[in-house]
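J.: I would like to see how this sequence folds:
(4 chains)
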Amino acid sequence: MELKILLFGITKDIIGSSPHTLNMDGNTVANLRRMLIEKYPKLAGLKSILIAVNNEYADEELVIKEGDEVALIPPVSGG
Amino acid sequence: MELKILLFGITKDIIGSSPHTLNMDGNTVANLRRMLIEKYPKLAGLKSILIAVNNEYADEELVIKEGDEVALIPPVSGG
Amino acid sequence: MIQIKEEQLSVEEAIKYVSYPACGGINTFVGTVRNSTKGRNVLHLEFEAYPAMAILELKKIAERAKNEFGAFEIAILHRIGKVEIGEAAVVIAVSSPHREASFAACKFAIDTLKNTVPIWKKEIFEDGEVWVSAHP
Amino acid sequence: MIQIKEEQLSVEEAIKYVSYPACGGINTFVGTVRNSTKGRNVLHLEFEAYPAMAILELKKIAERAKNEFGAFEIAILHRIGKVEIGEAAVVIAVSSPHREASFAACKFAIDTLKNTVPIWKKEIFEDGEVWVSAHP
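T.: Residues are numbered from 1 along each chain as shown, chains lettered A, B, ... in the order given. Below is the predicted model:
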């Protein structure tokens, strides 16, 4: 499945411009996380990295479907 | 000792206009409190009544001197 | 900044006064006049103060807010005279380098003001008026 | 009122929005940009948001502030883009019939905002820039 991933803050610095296109093996959030960290080891150095699917924080088991809006959420620091 | 007493809020309604002049027996805050409540029994119905001498809340034992600024402080309700 | 005055209070002015480049948080409390109390319609309020002593008590609160609660700067403004429904009777603004202190100091200030500062509130109803909290 | 915008934030506007005749207390928190962090001079900040999701998360906070913390009305405004020293990055205003709830709900809102809302802050120094809190 070809996935477009929205990047913000430091994940954009690490991975490149947003959205980032990626050919995904498997279909869960956990699969995506593993692939990204393999390809971009610097992501593992962040305090946390969450994945949002369709504007909601997603559990690791969630299945990503074609057309879902997927975003990497590095540690937030608003306010 | 002739004393001028500043009145505020409900104490002004009970006793009359401010300042109120009073001939005091004894010279402590406790004496003044007793005199006032005898003369104006409605004061006893208030939730509390404090006496300030020279802009500070005064203990019952404090001795009032000629020229001191004395005020009755009914329950405050600012804010 | 400690003020007791008959004119309308300005939150902006209070915030501006406590703003410093070293401070990251400003907590503000605005006490406004409600339109009812215990189910009775309030027409307006009237505040009376013992001004000299009220200023002294407010200064004590400001000192404690700084020394005990970590406020960097504090402004306390209190209205006297006639205050209409919805208008601000009191404005408190507190700045601090980190936000927790600004909340704690502002809460301390309004709680203590309501207990110690010689200011009295009279509620004016259609059919009478009452000095608030005077009786048990 | 939930807003994420590039223009300066107005505390007055937030307070006005939450003001109701039935409310007696309004608590406001203003988060401003400090001139230094860990002893380093900050030139300015830049905020980036994931707007659609940030708005959703802010709406969740507003709902919880009302349902769990007794807020009557709440306004949350967050700045994005370049924000200068001393300017407001965030403004929260909460009204409630009695003051305790306005403090508690406002504190809940800013604490939660800092944990859950997808907005990121970059500190710009003379000799570099840092995404705040990104690394352990």
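J.: phi and psi next, for residue 38.
T.: This is for chain A. Main-chain torsions, A:E38, degrees, to the nearest 10: phi -60, psi -50.
J.: other chain: chain C
T.: According to degrees, to the nearest 10, C:K38 has phi 50, psi 40.
J.: repeat that for A:I15.
T.: With angles defined as degrees, to the nearest 10, A:I15 sits at phi -90, psi -40.
J.: that one against A:L7, yeah?
T.: Yes: assessed by CB atoms under 8 Å, A:I15 is found in contact with A:L7 at 5.6 Å. For every residue, glycine as well, the C-beta is placed using N, CA and C.
J.: what do these two both touch?
T.: Residues touching both A:I15 and A:L7 by CB atoms under 8 Å, 6 or more residues apart in numbering or on different chains: A:L72.
J.: which bits of chain C sit near chain B?
T.: Counting by CB under 8 Å from any CB of the partner chain, chain C comes close to chain B at C:31, C:47-50, C:52-54, C:56, C:78, C:89-90, C:110, C:113-122, C:131-136.
J.: and if we set it to 7 Å?
T.: Within chain C, the residues that sit near chain B (CB under 7 Å from any CB of the partner chain) are C:31, C:47-48, C:50, C:52-53, C:56, C:78, C:89-90, C:110, C:113-114, C:116-121, C:131-136.
J.: can you say which of the residues you listed are buried?
T.: Among the residues of chain C next to chain B, the ones that count as buried by 16 or more other CB atoms under 10 Å in any protein chain shown are C:31, C:47-48, C:50, C:53, C:56, C:78, C:89-90, C:110, C:113-114, C:116-121, C:131-134.
J.: restricted to strands, list those residues.
T.: C:G31, C:F47, C:E48, C:H78, C:A89, C:V90, C:I119, C:W120, C:K121, C:W131 (DSSP state E).
J.: which residue ranges of chain A form helices?
T.: A:9-15, A:29-39 (DSSP state H).
J.: got the contact list for residue 62?
T.: Assuming you mean chain A. Contact partners of A:L62, counting by CB atoms under 7 Å, 6 or more residues apart in numbering or on different chains, are A:T28, A:V29, A:V53.
J.: that answer is for a different chain, and I need it for chain C
T.: Here C:A62 is in contact with C:I2, C:I74, C:I76 (CB under 7 Å, 6+ apart).
J.: quick one, phi/psi of the first one?
T.: Read it as C:I2. The phi/psi pair for C:I2 (degrees, to the nearest 10) is phi -120, psi 120.
J.: and the last one, by the same measure?
T.: For C:I76, the backbone dihedrals (degrees, to the nearest 10) come out as phi -130, psi 120.
J.: which strand residues bridge it?
T.: C:I2, C:I92 (DSSP bridges).
J.: on that earlier part again, for D:G39, find the nearest of the helices of chain A.
T.: Nearest of these to D:G39, taken as CB to CB: helix A:9-15 at 22.2 Å.
J.: what distance do you get for the residue nearest the centre of chain A to D:N115?
T.: Centrality entry for chain A: nearest residue to the mean C-alpha point is A:L72, 3.5 Å, by CA atoms, centre = their mean. Note on A:L72: its distance to D:N115, by CB to CB, to the nearest Å, is 17 Å.
J.: helices and strands of chain C: which one bottoms out on pLDDT?
T.: Within chain C, confidence by mean pLDDT, DSSP states H and E is lowest for strand C:36-37 among all helices and strands, at a mean of 87.
J.: tell me the strands beside it, with direction?
T.: By DSSP bridges, strand C:36-37 pairs with strand C:40-41 (antiparallel).
J.: now what about the strand it pairs with, what contacts it?
T.: Residues outside strand C:40-41 that contact it (CB under 7 Å, 6+ apart) are C:N35, C:F125, C:E126.
J.: avg pLDDT for that strand?
T.: Across strand C:40-41, pLDDT averages out at 92.
J.: what's the answer for stretch C:95-108, then?
T.: Averaged across stretch C:95-108, the pLDDT comes to 96.
J.: please save the CA atoms from that stretch in CSV.
T.: This file holds the C-alpha atoms of stretch C:95-108, laid out as CSV (Å, rounded to 0.1, in the frame of the first residue of the first chain):
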residue,chain,number,x,y,z
SER,C,95,3.0,36.7,36.3
SER,C,96,5.6,34.1,37.0
PRO,C,97,8.4,32.4,35.1
HIS,C,98,6.5,29.1,35.1
ARG,C,99,2.7,28.8,35.0
GLU,C,100,2.0,26.8,38.2
ALA,C,101,3.0,29.7,40.4
SER,C,102,0.8,32.1,38.5
PHE,C,103,-2.2,30.0,39.1
ALA,C,104,-1.4,29.3,42.8
ALA,C,105,-0.6,33.0,43.6
CYS,C,106,-3.7,34.3,41.8
LYS,C,107,-5.9,31.8,43.7
PHE,C,108,-4.3,32.7,47.0
